Structure formats: structure tokens, C-alpha cells
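Asker: got a predicted structure plus its sequence, pasted below:
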Amino acid sequence: MVVALDDDDTFVPPRPPRPKAPWVVAGVLVLAGAVWGGVEAYQAWQHNKVECAPGILKKGVREECIGVTDGSFAFDPSLTEVMDKIEAENERVEKSGKKYVSIAYVEPLTTVKGEEEAKYGLRGELIGAYLAQRELNDPDLGAGRGDLPQIRLLVGNLGLRSEQWRTLTDDLVALSKDDNRLVAVAGFGQSRGGTRDAVDALRDAGIPMMGATVTADGLSDAARPGFFRTSAPNRDQARAAVNYLRKRQEADPGFKVAVIRDRNEDDIYNTSMSTAFASAAAERGLKTEGAPLEFLSGVDGVSNAFSSVADKVCDLRPDAVFFAGRGVNVRNFIYSMSAPDRRCPVTLVTGDDAVGTYYGSLESEAKREKFRTEWTDSRVTVLYTSLGHPALAGQVYAAPNNPLPDFLSLYRTEFGGASDTTMQVLQDGQIILGHDALWTLGVAVRNAAGPDGKGQVNTGATLQMLLQLSGREAVSGLSGPISFASDGNPDGKPMALVRMEPSGVYTFREVLKP
């Protein structure tokens with residue numbers, strides 16, 4: 001540093017450099033922060049705008065492809081075959097020059113590793129919906145419901161566990177107001193909180209809905225019409241299970257029944273099934289042993305919890321347990337009961353989600369074989385209230401009125417396979433339920449269009465006709481006659497009591513009624 005001296009050599013301290021105005025420095029820092037923040041915000045916005053396909057965006061932390069397609073985007077490789085067929089039929093509809101409307105089939109079409117059975121079930125539903133579209137559009141198939149307006153089938157993804165419901169419902173509402181002519185929505189997958197939110201949003205928008213496999217009781221509301229379903233709700237399934245178990249107790253007063261329930265309140269399937277069973281048991285005099293045995297899905301330690309539950313079951317020695325939980329947790333219970341120090345025989349009775357017990361088609365054969373062995377060792381017999389077993393139609397329709405034979409012929413034409421193979425494919429009910437949901441909406445659409453097919457069909461007209469589907473206007477579904485009560489639930493819909501075999505076979509036992 002250079003030191004300055006004046007004429008008399010007196011030391012003069014150097015003047016410090018003049019600082020820039022503080023507000024200038026601060027401004028530069030703020031501007032830099034704003035630019036950096038702006039870059040981050042822009043990048044986040046751009047990331048959220050990444051398309052999987054036109055109109056279908058990556059959403060959420062899992063970057064799921066969320067949106068609606070005409071079949072040109074498959075969402076998952078397991079769906080490619082059926083989505084190609086949907087796309088081809090939609091192109092034919094659009095080029096036909098005939099009047100058409102659109103119906104969307106929505107499901108959680110993306111799953112995580114280990115949930116391949118969910119993909120398999122979804123594929124079945126979409127196959128059923130597509131075949132209903134073909135029946136409705138082609139009068140030569142003998143459906144007898146005319147062919148105007150034609151049905152254009154769209155497919156939407158609600159995201160894993162329906163968590164991306166808001167994005168999808170916004171898209172659906174927009175489609176109901178533009179040239180896509182969306183008049184109704186079907187499907188909805190599993191009974192979860194996101195499913196309920198999606199139903200509420202579409203109901204508020206005036207778009208009628210038809211549930212296929214969704215069964216939680218709280219979705220329907222007589223005071224707010226708009227949500228219908230072709231499958232028996234949990235209330236009816238629980239009543240049917242109670243009727244079956246009560247008959248067993250009447251035949252054998254020593255027949256003991258215990259209850260296992262899931263305490264996960266975000267899963268509205270479990271909670272409504274548990275509540276409905278407790279209410280029906282009290283109403284109809286079914287005796288149960290002690291307090292329910294409980295577990296909590298969705299958190300760590302489920303396998304440990306089932307180890308304890310299995311011990312308690314073997315201590316109680318009930319003849320049957322009613323299981324208010326998901327199929328994947330039925331699998332946990334079976335594994336726990338297969339331990340060499342347990343293996344006490346018991347019959348497990350549960351609801352329709354039992355189809356999730358089996359590993360899906362994409363799992364390794366070694367893993368499936370191991371589960372079959374463990375199941376046999378466990379000595380657990382699984383019975384469930386099936387919503388759409390192919391044997392049911394033959395039980396509830398006179399032979400000349402049974403719609404199943406014509407449907408089987410169409411299935412084999414479109415997807416191949418021998419008669420015995422086709423019946424096995426239909427046993428889990430997913431194809432049947434997907435078909436009946438779209439078929440019933442199609443009937444309402446045709447009724448709204450009138451005998452000449454020229455009547456105006458929109459969301460309001462479709463809703464009006466759905467409200468008329470009761471009594472003599474009941475729809476002949478593959479799962480049985482579909483007639484709606486005032487709350488949108490099927491009125492007295494029959495179910496099948498089905499035994500699930502470790503081999504993967506679903507054996508029809510008897511017809512159940514609520």
C-alpha cells in the first residue's frame with residue numbers, strides 16, 4: 001500500500017474507496033436472485049409441461065402420463081393390443097359420417113413395481129369396454145339398440161391410486177364442452193380418496209358417471225344424482241356375506257365367525273366394507289367372536305402385523321373370518337398362515353377386491369408357484385362375493401335371454417381363443433364389469449337419442465335416461481340385470497359366491513343376494 005505524505009511530511013491516512021450505492025448492490029443481488037429463481041421456476045414449468053403424447057403430460061413426482069387418449073397412446077405396454085383396437089374403432093366412427101358422442105373410460109392406468117396384477121385387471125376392463133363399444137356401433141352384432149349416435153371411446157389415466165384426479169377431471173370437463181362431445185365417464189378403478197374426489201368434481205360439472213369395479217358406499221348419493229354403478233356396492237356385498245355366514249350358523253350353532261379389518265381410513269373400500277359388515281351382522285343376528293383383529297395397510301410392518309393376526313386366528317380357531325381388506329393383504333394373511341407352526345384350517349370370506357390376491361401375468365412363474373405352494377400349505381379357503389363371474393348369467397337369465405353366448409363369440413372373433421379358454425379369461429370378472437359399465441351408458445345414450453337416433457345427446461340428456469333405467473327398463477348386463485335405485489346403486493343386484501383356488505381358478509359356488 002502507498003502512504004501519502006503532505007509538504008511537512010505529516011502522515012495523511014488514505015481515503016477509503018467510495019462504495020457503490022447500497023441500493024445498487026442490493027438491486028443487483030435481488031435481480032440475480034430473481035433471474036435464478038425465474039430460471040428455476042421456468043425449468044419447473046417446462047418440466048411439468050413435458051408431453052408423453054399430444055395432450056398427455058407428465059405429472060407428479062413419479063412423472064406419470066396423465067390425460068385422455070383416443071387409443072393412440074397406450075399408457076403401458078400391457079395395454080397396447082386393446083388400445084390399438086380402440087383407436088381403429090374410433091377412426092372408423094369419425095370417418096363414417098354418422099353422428100357420434102364420446103364416452104371416457106378412466107382408471108389408474110399406471111402402477112408401481114409389484115402391482116402387475118392391477119395392470120392385468122385394467123387390461124380386462126378395457127377389453128370389456130371396447131367389446132361393448134363394438135356391440136353398440138355395429139347393429140349386425142345383434143345388440144338390438146340401434147347404431148345412432150355412434151360411440152367414440154376415450155381412455156383416461158387417473159394416476160397411481162387415483163392421485164392425479166384433478167388434472168384428469170379438468171381435462172374431462174373441457175372435453176364435455178368442445179367438439180369431442182363427451183357425454184359420460186365410466187370405470188374409476190379402486191375405491192380410494194382420489195376416486196371420491198374425482199367423482200365429486202365430475203358430479204359438480206354435471207357429467208354422469210358409471211362405476212365398473214368401484215364399490216365403496218359413499219360415492220353414491222340420492223340427493224346429488226350423477227354417479228351410478230353396475231356392480232354391487234360394499235353394503236350389498238357385506239349383507240350377502242352375512243346372509244351366507246348366518247345360514248352356516250343356523251345349520252351349526254357352534255359355527256364361529258371372526259373379523260379381520262384394515263384400519264387404513266384413506267382406503268374407502270376397506271372402511272365401508274368393515275362398517276357395512278358390522279351393521280348387517282348386528283341387524284341379522286350373526287354372532288362374531290370378540291373384537292375385530294386389526295392391521296394397517298399402507299405403512300411399514302404389514303407382514304409383521306399379519307404374523308400376529310395369524311397367531312390370534314389360530315388361538316381363536318374360528319370356522320370362518322370375514323376379511324375387510326384388499327386382495328393384496330389377503331395374500332399377506334395366506335403367507336402368514338402358511339408358517340409350519342400355524343396352518344390351522346379356516347375359511348376366509350371377503351369382498352370383490354379378492355381378485356387382487358393373485359400375482360399378475362407379468363410376475364415370474366417361480367414367484368407364482370411359490371405362492372401356490374404356500375397357499376396350499378396354509379389351509380386357508382378363500383370365498384368372495386364376485387361381481388361378474390361368467391357362470392352367473394346362466395343362473396339369473398332364462399336360456400333364450402342370456403347375453404353371454406353372443407358376447408363370447410365376439411370376444412373370440414376379436415381376441416381369439418377356444419371356448420374353454422375364453423370362459424377362464426372371464427372368470428375374474430374384470431372383462432364382464434368393464435363391458436357392463438360402458439354398455440349401460442350406451443343404452444342411456446341411445447334412449448336419449450330416441451327411436452330415430454336424432455335426438456340431442458349431451459351430459460344432461462344422458463343423466464336423465466340413466467335415471468329411467470329401472471323396473472321394465474332394466475339393462476341386460478353380462479353380470480345380471482342392471483336396475484338402478486334412486487341413489488344410483490344397482491337395485492338388488494345378484495352376486496356370485498366364488499372360491500379362489502391356489503391354481504388360479506375361480507370356482508362358482510352359488511348365487512348370493514343382499
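Answerer: Received, thanks.

Asker: which residues of the stretch 351-500 of the chain fall in strands?
Answerer: 380-386, 475-477, 480-482, 495-500 (DSSP state E, counting those that start in this stretch).

Asker: need these in TSV with mean pLDDT, can you?
Answerer: Below are the strands of the stretch 351-500 of the chain laid out as TSV (pLDDT from 0 to 100):
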stretch	mean pLDDT
strand 380-386	98
strand 475-477	96
strand 480-482	96
strand 495-500	97
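
Asker: and of the ones you listed, who's closest to Ser96?
Answerer: The minimum distance between Ser96 and the strands of the stretch 351-500 of the chain falls on strand 475-477, with 25.1 Å, by Cβ to Cβ. No exception for glycine: its C-beta is placed from N, CA and C like everyone else's.

Asker: check the offset of the closest one from the chain's centre.
Answerer: Averaging C-alpha positions (Cα atoms, centre = their mean, to the nearest Å) puts strand 475-477 21 Å from its chain's average.

Asker: pull up the pairing partners for that strand, direction included.
Answerer: strand 480-482 (antiparallel) (DSSP bridges).

Asker: related to what we said a few turns ago, just send the strands of the stretch 351-500 of the chain back as CSV, with distance to Thr167 and mean neighbour count too.
Answerer: Output for the strands of the stretch 351-500 of the chain, formatted as CSV (distance: least, Cβ to Cβ, whole Å; neighbours: other Cβ atoms under 10 Å):
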stretch, distance to Thr167, mean neighbour count
strand 380-386, 33, 24
strand 475-477, 31, 22
strand 480-482, 31, 23
strand 495-500, 34, 24
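
Asker: can you give me the strands in the stretch 1-150 of the chain?
Answerer: Under DSSP E, counting those that start in this stretch, the stretch 1-150 of the chain gives strands at 4-5, 11-12, 51-53, 56-59, 64-66, 68-69, 100-107, 150-157.

Asker: Serialize those strands to JSON lines and add fields for distance to Ala212.
Answerer: As requested, these are arranged in JSON lines below (distance: least, Cβ to Cβ, whole Å):
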{"stretch": "strand 4-5", "distance to Ala212": "91"}
{"stretch": "strand 11-12", "distance to Ala212": "92"}
{"stretch": "strand 51-53", "distance to Ala212": "24"}
{"stretch": "strand 56-59", "distance to Ala212": "22"}
{"stretch": "strand 64-66", "distance to Ala212": "20"}
{"stretch": "strand 68-69", "distance to Ala212": "17"}
{"stretch": "strand 100-107", "distance to Ala212": "8"}
{"stretch": "strand 150-157", "distance to Ala212": "13"}
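
Asker: mind putting those into a markdown table with mean neighbour count, distance to Gly351 and mean pLDDT?
Answerer: Putting the strands of the stretch 1-150 of the chain into a markdown table (neighbours: other Cβ atoms under 10 Å; distance: least, Cβ to Cβ, whole Å; pLDDT from 0 to 100) gives the following:
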| stretch | mean neighbour count | distance to Gly351 | mean pLDDT |
| --- | --- | --- | --- |
| strand 4-5 | 10 | 94 | 40 |
| strand 11-12 | 8 | 94 | 40 |
| strand 51-53 | 14 | 34 | 95 |
| strand 56-59 | 19 | 31 | 95 |
| strand 64-66 | 24 | 27 | 96 |
| strand 68-69 | 24 | 30 | 98 |
| strand 100-107 | 26 | 19 | 97 |
| strand 150-157 | 25 | 25 | 97 |
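
Asker: is Leu182 in a bridge, and if so with what?
Answerer: Ser102.

Asker: I'd say it and Pro208 touch.
Answerer: No: look at Leu182 against Pro208 with Cβ atoms under 8 Å: they stay out of range, at 10.6 Å.

Asker: so between the two, which is more surrounded?
Answerer: Pro208 (27 against 23; other Cβ atoms under 10 Å).

Asker: ok, the more buried one - contacts?
Answerer: Contacts for Pro208 (Cβ atoms under 8 Å, 6 or more residues apart in numbering) come out as 183-185, 226-228, 441, 444, 459, 462-463, 466.

Asker: try it again at 10 Å.
Answerer: Applying Cβ atoms under 10 Å, 6 or more residues apart in numbering to Pro208 gives the contacts 103, 183-186, 202, 225-228, 441, 444, 459-467, 488.

Asker: with Phe371 instead?
Answerer: 331, 334-335, 338, 357-359, 363, 502, 504.

Asker: where does it land on pLDDT?
Answerer: For Phe371, the model assigns a pLDDT of 93.

Asker: what about it, distance to Leu408?
Answerer: Look at Phe371 and Leu408: by Cβ to Cβ, to the nearest Å, they are 30 Å apart.

Asker: check Ile432 too.
Answerer: Applying Cβ to Cβ to Ile432 and Leu408 gives a distance of 11 Å.

Asker: what's around Gly394, how many residues?
Answerer: 13.

Asker: what's the residue nearest to it when sequence neighbours are not counted in contact with, if anything?
Answerer: Closest residue to Gly394 apart from its sequence neighbours, by Cβ to Cβ, 6 or more residues apart in numbering: Asn402 at 6.2 Å. Applying Cβ under 10 Å, 6+ apart to Asn402 gives the contacts 393-396, 476, 478.

Asker: can you tell me which of the residues you listed is nearest Cys65?
Answerer: Leu478 (30.5 Å).

Asker: the host helix or strand of Ala184 vs strand 100-107, what angle?
Answerer: Following DSSP states H and E, one finds Ala184 within strand 182-187. Following axes from the mean of the first three to the mean of the last three Cα atoms, to 10 degrees, one obtains 30 degrees for the angle between strand 182-187 and strand 100-107.

Asker: which other helices and strands contact the following helix or strand past strand 182-187?
Answerer: If you walk from strand 182-187 toward the C-terminus, the next helix or strand you reach (DSSP H and E) is helix 193-204. Packing contacts for helix 193-204, counted by 3 or more Cβ pairs under 10 Å, 6 or more residues apart in numbering; DSSP states H and E, involve strand 100-107, helix 165-175, strand 182-187, strand 209-211, strand 227-229, helix 268-284.

Asker: apply 6 Å and report the result again.
Answerer: helix 165-175 (3 or more Cβ pairs under 6 Å, 6 or more residues apart in numbering; DSSP states H and E).

Asker: wait, what's in contact with Val309?
Answerer: 293, 295 (Cβ atoms under 6 Å, 6 or more residues apart in numbering).

Asker: helix, strand, or coil at it?
Answerer: State at Val309, reduced to three classes by DSSP: H, G, I helix; E, B strand; the rest coil: helix.

Asker: if I look at it, how far off is Asp341?
Answerer: From Val309 to Asp341 the distance is 15 Å (Cβ to Cβ).

Asker: now swap in Pro253 and tell me
Answerer: In terms of Cβ to Cβ, Pro253 sits 30 Å off from Asp341.
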